[in-house]
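A.B. asks: return a 3D structure for these sequence lines:
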Amino acid sequence: MNPTANPVEQPIPVPQPINGYHRDDEGHWVAQLACGHNQHVRHDPPLVHREWVKSAAGRESMIGFELGCKKCVEGAPADDRPILTENDQ
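C.D. replies: This next block holds a predicted model:
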């Protein structure tokens, strides 16, 4: 049987713009999406290259950039958002 002959279709994540950021409990950056969901945006080479995450200017430049939101596809409720402090900028 050819596994690619009848591939299972995966739901396509819904594009949602980034409208802010915060850090998680481990200090990783999390994008706050317009839909109300959160999504980690790590710079973790060689798997993920997101140099822009490392600086405030880089993160600011990505405001409005759309990330695919799997939580929207799942119909998940909005995520909690922490109160931002100076360290989260």
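
A.B. asks: give me the neighbour count for the spatially closest residue to residue 48 that is not a sequence neighbour.
C.D. replies: Leaving aside its chain neighbours, residue 48 sits nearest to residue 42 (5.9 Å; criterion: C-beta to C-beta, 6 or more residues apart in numbering). (C-beta placed from N, C-alpha, C; glycine too.) When counting by other C-beta atoms under 10 Å, one arrives at 13 neighbours for residue 42.

A.B. asks: surely residue 42 and residue 50 touch.
C.D. replies: Yes. The criterion here is C-beta atoms under 8 Å, and residue 42 meets it with residue 50 at 6.8 Å.

A.B. asks: would you mind measuring from the residue nearest to the spatial centre of the chain to residue 58?
C.D. replies: The centroid of the chain falls nearest to residue 39 when counting by C-alpha atoms, centre = their mean (3.0 Å). According to C-beta to C-beta, to the nearest Å, residue 39 and residue 58 sit 16 Å apart.

A.B. asks: ok, the residue nearest to the centre of the chain touching residue 31?
C.D. replies: Yes. Counting by C-beta under 8 Å, residue 39 does reach residue 31; the two are 5.0 Å apart.

A.B. asks: tell me, what's touching the two both at once?
C.D. replies: Counting by C-beta atoms under 8 Å, 6 or more residues apart in numbering, the residues touching both residue 39 and residue 31 are residue 67.

A.B. asks: tell me which element residue 18 falls in.
C.D. replies: strand 14-23 (DSSP states H and E).

A.B. asks: try residue 60
C.D. replies: Counting by DSSP H and E, residue 60 is part of helix 56-61.

A.B. asks: tell me which stretches of the protein form strands.
C.D. replies: Counting by DSSP state E, the chain has strands at residues 14-23, 29-33, 38-40, 66-69.

A.B. asks: most packed of the ones you listed?
C.D. replies: Among those, the stretch with the highest mean neighbour count (mean count of other C-beta atoms under 10 Å) is strand 29-33, at a mean of 21.
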